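Q: Next comes the sequence, and after it the predicted model I'd like to discuss.
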Amino acid sequence: MDQELWPYGLRVMVIDNNSSYLSVMEELLIKCSYRVKTYKNVGEAMSFIYGNTQTVDLIISDVFFPTEDGLLVLQEVTSKFDIPTVIMSSNGDTSTVMKYITNGASDFLIKPVRIQELKNIWQHVFRKQIGKNRKMSNNVQQVDQLSSYPPIVLAPPPPCATRTTEISDEATATLESAARDQIDTTVTDIRDLRKPRLSWTVQLHRQFIEAVNSLGGEKAVPKKILEIMNVKHLTREQVASHLQVINSELFL
DNA sequence: ACACTAATAT
DNA sequence: AATATTAGTG
């Protein structure tokens, strides 16, 4: 059976002028182990994108009815940066949705957005990349070839992504053993991982990302990350070094 | 003293 | 390119 994978650390920008809804979105996205950056206004969001190319994997923007700034974001971003953009609105009438989709929106979510829908948005990122690569090679694209490390790591899914289950009896057994496997692959000690130097395996990196996310943006400093990761023989310096790289690839 | 970060070294 | 070490700051 194929190992299920999850795109840890996918960098998602959310734009919405309603700050309480922004927080809701942030919380949901963090539960999905994405990295999240939120903006209340379109201008700041766009200037971040202009100043930091290649640091946003996906944008989720409100429509900003009636000014339709959401549409501007969409047109700007799709024409200049090719970042998949998802539009949110509380109004889901067909003509509205159609307008955004025809202008290049990757998806249209109707508020309130449920976490189940956010678990699926990562696919838009990979869709775009597959679209780009398809003409140059007829090789079957392996999903792990599309991942870029360290910004995005494919690893077993986080608890939030537990599949919407209709559980058949034997499937239950499979899931349980999969869960056990996942526990078994959690790194608790790096003695054998540090050959000459430490290797940040996907498991270790996943724990790192989860620790960072659980601390939330600002407070994610090496010492606290280290505490939360709870990995023997891992040093604060090693975490700091890794954090530096992650942050230079930006986001947080 | 300690921890953080940016810069630099390996 | 990835990880470790150093050096300056609070």
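A: Here it is on my side, so go on.

Q: What is the neighbour count of A:Glu249?
A: 17 (other Cβ atoms under 10 Å). For the C-beta atoms, the positions are set from N, CA and C on the backbone; glycine is no exception.

Q: Now do the same for the residue of the stretch 1-150 of chain A found nearest DNA strand B: its pLDDT.
A: Residue nearest to DNA strand B within the stretch 1-150 of chain A: A:Asn52 (13.9 Å; Cβ to the nearest atom of the strand). pLDDT for A:Asn52: 81.

Q: so how far is A:Ser79 from it?
A: Using Cβ to Cβ, to the nearest Å, A:Asn52 is found at 18 Å from A:Ser79.

Q: A:Ile101 now?
A: With the distance defined as Cβ to Cβ, A:Ile101 ends up 16 Å from A:Ser79.

Q: returning to that earlier point: separation between the residue of the stretch 1-150 of chain A closest to DNA strand B and A:Met25?
A: The gap separating A:Asn52 from A:Met25 is 20 Å, by Cβ to Cβ.

Q: and these two? which has more neighbours close in?
A: A:Met25 (25 against 12).

Q: residue contacts, that one?
A: A:14, A:16, A:36, A:38, A:60, A:113 (Cβ atoms under 8 Å, 6 or more residues apart in numbering).

Q: Can you tell me which of the residues you listed end up in strands?
A: Counting by DSSP state E, the contacts of A:Met25 place A:14, A:36, A:38, A:60 in strands.

Q: could you redo these as a markdown table and give each row distance to DNA strand B, neighbour count and pLDDT?
A: What follows is these, written out as a markdown table (distance: Cβ to the nearest atom of the strand, whole Å; neighbours: other Cβ atoms under 10 Å; pLDDT from 0 to 100):
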| residue | distance to DNA strand B | neighbour count | pLDDT |
| --- | --- | --- | --- |
| A:Val14 | 23 | 26 | 96 |
| A:Val36 | 18 | 23 | 91 |
| A:Thr38 | 19 | 19 | 93 |
| A:Ile60 | 27 | 24 | 96 |
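
Q: Identify the residues contacting A:Lys223.
A: A:Lys223 neighbours (Cβ under 8 Å, 6+ apart): A:Arg236.

Q: Many thanks, I have nothing further to ask.
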